[in-house]
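Asks: Here's my sequence, what's the structure:
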Amino acid sequence: MGVTPSPAELIQRAASGTGAGAGGVGESAPRPDGTLKVTGEFAYASDLWHEDMLWGHTLRSPHAHARITALDTAPALALPGVHAVLTHEDLPAATHYGLELRDQPVLARDVVRYQGEAVALVAADPPEPARRAAALIRVAYEELPVVHDEASATAPGAPVLHPDRTDPYAAHVPHPNVVHRQPVLHGDVATAAPTADVVVTGTYHVGMQDQAFLGPESGLAVPDEDGGIDLYIATQWLHVDQQQLAPVLGLPPEKVRLTLSGVGGAFGAREDLSMQAHACLLALRTGRPVKIVYNRHESFFGHVHRHPATLTYEHGATRDGRLVHVRARIVLDGGAYASSSPAVVGNAASLGLGPYEVEHAEIEALALYTNNPPCGAMRGFGAVQACFAYESQMDKLADALGLDPVELRRRNAMSQGSTMPTGQVIDAPAPVAELLRRVRERPLPPERPWETTDAETGARATDIRALPGGLSNTSHGEGVVRGVGYAVGIKNVGFSEGFDDYSTARVRLEAVAGEPVATVHTAMAEVGQGGVTVHAQIARTELGVTQVTILPADTRVGSAGSTSASRQTYMTGGAVRHACEAVRAEVLRLGGERFGWAERFGPEAVRGLRLAGGKVVTPEGEALAALADVLGEEAVDLELEFRHRPTQPFDLRTGQGFGHVQYSFCAHRAVVEVDTELGLVKVVELAAAQDVGRAINPSAVVGQIHGGAVQGLGLAVLEEILVGPDGRIRNPSFTDYLIPTILDTPSMPVDVLELADPHAPYGLRGVGEAPTLTATPAIVAAVRRATGRALHRVPVRPEHLVG
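Replies: The predicted structure follows:
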């Protein structure tokens, strides 16, 4: 009896390049999993099955902050079909886990700190008894005061949510309910500020956004005869899951084996553990495979979200529009547990000025512990919130100065050689002004697109689909006003602040039936970003082969790091390239020995030979031998690690340091139509210009820019998890939490620049996050232009535009 679909079938069917058309670096090679996904044949983690598996279910707290005074599992255990019920008393080893700080209980012991916190686990067969049994568990709670914002978190006598902190940030924060605080001090604001001719201030608010991936949390844990566990899981980072799970299960890491299953989107929410530990604990207790799949309601409570934020800014400038100083205070709500809040704080602080040259700046960023849902990684990672604020300020400053908003940005745009407020010099292209020029000069879409004319009769008609709220037949164009807005942003790529960021790749080259075949094995989580396509492209380019097979991602190979921070093409792509180069060198060594190339050309010339079209060729293109003949019966199989250049932690007092390995830049122009009577917004066009360094797969690059922009659109006008002052989520469903559909998606022309980063593999830049930053403020700027309203908060709701 085995797992169905098997990991090889689940991943390799989608990821294998074997038999696919060739496509190397720089080509728009098709995604091998694309057809399977659009036809519904792709197997996701929720499709996993084992013949004798049990179903797991989690009992969660209904309260945001409460003391557990009694817990009785007997009624659940008495229900037929129930095989196990676990509470904190049943944990075999470590009781806490966490991505950066191990502050989150596997199961709540004495206190619950947010609505939805896991309290008990049930394993049963079939799934319905598991849900009924969880409902039968008797838990008595004593509700406690709820900490829900900065005022309630830091007030005298406020409940301290984590009173026994020993983490490295605890000694540097102003209050124990502050997870982390990062100041950035640049120049001398106190002296410079009085010299500014114009000063504008503003306070901005960003709501809590959900990643809204379509495939819910799911996985299958299978106990092994050796006492270990095999976990088939949809995740973003196999090895960090393993590192957190092993102490909880009381097992050595090598006995906690993870294999990636089909992932239905992630966007940061799968970096933290969700059901991984719970499924493994139940499987080890029962001795049977256990599957857990969240429904959509539970998913809202089972993963982290984007940090809501309050951001207060002051910008000072000369009369001709040169920035003099910036002051900023960024307060992020981290919720009940740390997750990745410390790193989000570092991003918000270090990127908080935007892509502008400012000689004097004071920035303070901090994240709070509250009784709201935990917040952590989401596409853009702290830079999204800051970008909305600083770009809103740039529009406000342009109005105060009587300047064009694009011109103000171009006058202050950073470029290669500019200095970040952290003291880091930008040592790669930073074409901020050029990106703005490109979106500015693009032709605008036609006015009043809802007015149509019949080509034969000349009769005029109204296409209500082109109107705000048009599909509901709310308007025929009355009160509809157009607005145009711009934004540009800066996002780091890769892990920062001194983190040892590396990735591993194993590459094998052998002759099969007379043809050279490359096999690539990494632990990279393919979450829909197209990494498996890119790895095959790199192998084809570096090894000169057509047939490339991508093995399932698992922990049998070294870590690939997380599929986040726009890092995988840079890091794991870099590792694949590095391993391929080593394999190629070994192939040339073998060929040199077998065919006498060293004597013919010299050792140095041998190293300059290339692999192309299944042959070894000279730089002039002369074919020396077929790869299959060079390899013979041998296989070259190497595993190597790749690291980017080192970074430094930011100084905890000044924020100075070489904190980021790479920066990416994107600009957007948004065109909107606003029904000023009903407060409805339709985004007509969302044009982007982005520097990607080198487009490894041009069509995939455009797809990433489109996807990031649509998530930014959602934050601008639709998406927000509504949390009351009692810490309870009001809208945990896709009925009430609204995300953009294809009907909300505008035309999205993209202008791609390729200015190589000399420090990166192939000169590439991470692509996926930067467009998420700038879509939101560009859309809101356009709505401001249409309505004349200040709009300090996202998402913008109809009530913000009328009345």
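
Asks: can you pull the contacts of the residue nearest to residue 227 when sequence neighbours are not counted?
Replies: Nearest residue to residue 227, sequence neighbours excluded (Cβ to Cβ, 6 or more residues apart in numbering): residue 255, at 6.5 Å. Where C-beta positions appear, they are placed from N, C-alpha and C, glycine not excepted. With contact taken as Cβ atoms under 8 Å, 6 or more residues apart in numbering, residue 255 is in contact with 224, 226-229, 246.

Asks: Going along the chain, name the helices of the stretch 301-450 of the chain.
Replies: With helices called from DSSP state H, counting those that start in this stretch, the stretch 301-450 of the chain shows them at 341-350, 383-401, 405-411, 432-441.

Asks: Export these as a markdown table, with columns for mean neighbour count.
Replies: Output for these, formatted as a markdown table (neighbours: other Cβ atoms under 10 Å):
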| stretch | mean neighbour count |
| --- | --- |
| helix 341-350 | 27 |
| helix 383-401 | 24 |
| helix 405-411 | 20 |
| helix 432-441 | 21 |
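
Asks: Nearest to residue 736, out of those?
Replies: Nearest to residue 736 among the helices of the stretch 301-450 of the chain is helix 383-401 (22.4 Å), distances taken as Cβ to Cβ.

Asks: Remind me what that closest one packs against, helices and strands.
Replies: Helices and strands touching helix 383-401, by 3 or more Cβ pairs under 8 Å, 6 or more residues apart in numbering; DSSP states H and E, are strand 198-206, strand 309-317, strand 323-333, helix 341-350, helix 405-411, strand 480-493, helix 770-787.

Asks: and the helix or strand where residue 510 lies, what does it pack onto?
Replies: Using DSSP states H and E, residue 510 sits in strand 502-512. Counting contacts by 3+ Cβ pairs under 8 Å, 6+ apart, strand 502-512 is packed against strand 515-521, helix 531-543, helix 568-595, helix 627-631, strand 636-643.

Asks: now what about the shortest one, what contacts it?
Replies: Going back to what we said before, that points to helix 627-631. Contacting residues not belonging to helix 627-631 are listed as 509-511, 514-516, 544-545, 587, 590-591, 594-595, 611, 614-616 [Cβ under 8 Å, 6+ apart].

Asks: and that helix, what's its mean pLDDT?
Replies: For helix 627-631, mean pLDDT rounds to 97.

Asks: Just give me how far that helix sits from the chain centre.
Replies: 42 Å (Cα atoms, centre = their mean, to the nearest Å).

Asks: what's the answer for the longest one, then?
Replies: On the basis of Cα atoms, centre = their mean, helix 568-595 sits 30 Å off its chain's mean C-alpha point.

Asks: Same check on the last one?
Replies: Relative to the mean C-alpha coordinate of its chain, strand 636-643 is positioned 26 Å out (Cα atoms, centre = their mean).

Asks: Residue 66 reaches residue 145, doesn't it?
Replies: No: Residue 66 lies out of contact with residue 145 (Cβ atoms under 8 Å); the separation is 10.3 Å.

Asks: And those two? Which one has more around it.
Replies: Using other Cβ atoms under 10 Å as the criterion, residue 66 and residue 145 rank with residue 66 on top: 22 against 11.

Asks: Can you tell me the closest non-neighbouring residue to that one?
Replies: Nearest in space to residue 66, with sequence neighbours left out and distances taken as Cβ to Cβ, 6+ apart, is residue 141 at 4.0 Å.

Asks: can you tell me the helix or strand for that neighbour?
Replies: Per DSSP H and E: strand 138-143 holds residue 141.

Asks: low-scoring stretches of the stretch 501-650 of the chain, by residue?
Replies: Applying pLDDT under 70 to the stretch 501-650 of the chain flags no residue at all.

Asks: what comes up buried for stretch 648-661?
Replies: Residues of stretch 648-661 classed as buried by neighbour count (16 or more other Cβ atoms under 10 Å): 650-652, 655-661.

Asks: which one of those is nearest residue 687?
Replies: Among those, residue 660 lies closest to residue 687 (Cβ to Cβ), at 27.0 Å.

Asks: Return the residues in contact with the closest one.
Replies: Residue 660 touches 350, 424, 492-494, 496, 647, counting by Cβ under 8 Å, 6+ apart.

Asks: where does it land in three-state SS?
Replies: coil (DSSP: H, G, I helix; E, B strand; the rest coil).

Asks: next one: the one 4 residues further on
Replies: Under three-state DSSP, the three-state class of residue 664 is strand.

Asks: mind listing what it touches?
Replies: Shown in contact with residue 664 (Cβ under 8 Å, 6+ apart): 490-493, 566, 690-692, 765-767, 769-770.

Asks: try residue 744
Replies: Residue 744 makes contact with 683, 713, 718 under the criterion Cβ under 8 Å, 6+ apart.

Asks: I'd like the residues you listed written out as JSON lines, with pLDDT, secondary structure and distance to residue 367 added.
Replies: Formatted as JSON lines, those follow (pLDDT from 0 to 100; DSSP: H, G, I helix; E, B strand; the rest coil; distance: Cβ to Cβ, whole Å):
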{"residue": "683", "pLDDT": "98", "secondary structure": "strand", "distance to residue 367": "31"}
{"residue": "713", "pLDDT": "98", "secondary structure": "helix", "distance to residue 367": "26"}
{"residue": "718", "pLDDT": "98", "secondary structure": "coil", "distance to residue 367": "25"}
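
Asks: Good, we can wrap up now.
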